[in-house]
Each structure stands twice: as C-alpha cells, then as structure tokens.
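Visitor: Please find the sequence and the predicted model below.
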Amino acid sequence: MRSLLRDLKSNPRRHVQNVLLKYEPHFKFIKVVMQKQDQPREPSYVIDA
C-alpha cells in the first residue's frame, strides 16, 4: 500500500489507468479524471472504461 500511495503523489491518473488495465485486461481503454479532494490523502476520481 505504501508504494501505491508513493506513486499516486506523482501522477495519480496515469497510475490508476495502468493498474486497472493490468488487472482488467478486457478493457481496451480507460479514462481517469481526477476530482477535487475533499479529504487529504483520499484521491477522488471518475473512471470511463
């Protein structure tokens, strides 16, 4: 979990896309849109797959 949070600090959108494509191979593309954070350290996003 620590490495996930470390990676999210740099580019959360790309990291979420890569993880989802890796574990959900039936997706051809994934678009992740980061939303405004309401709570610190709790990323919020919308996924279009």
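Guide: On my side now, so go ahead. Numbering: from 1, shown residues only.

Visitor: Tell me which stretches of this structure form helices.
Guide: 2-10, 12-23 (DSSP state H).

Visitor: Just the mean pLDDT for the longest one, thanks.
Guide: With pLDDT averaged residue by residue, helix 12-23 scores 82.

Visitor: Which of the residues in that helix are classified as buried?
Guide: 12, 15-17 (16 or more other Cβ atoms under 10 Å). Placement of C-beta: from N, CA and C, glycine included.

Visitor: Now find how far off-centre that helix is within its chain.
Guide: Its chain's C-alpha centre and that of helix 12-23 lie 5 Å apart, by Cα atoms, centre = their mean, to the nearest Å.

Visitor: Quick one: list the elements packing against that helix.
Guide: For helix 12-23, the packing partners by 3 or more Cβ pairs under 8 Å, 6 or more residues apart in numbering; DSSP states H and E come out as helix 2-10, strand 31-34, strand 45-48.

Visitor: wait, what's in contact with the residue nearest to S44 when sequence neighbours are not counted?
Guide: Of all residues not flanking S44 in the chain, Q35 sits nearest, at 4.1 Å (Cβ to Cβ, 6 or more residues apart in numbering). By Cβ atoms under 8 Å, 6 or more residues apart in numbering, the contact set of Q35 is 44-46.
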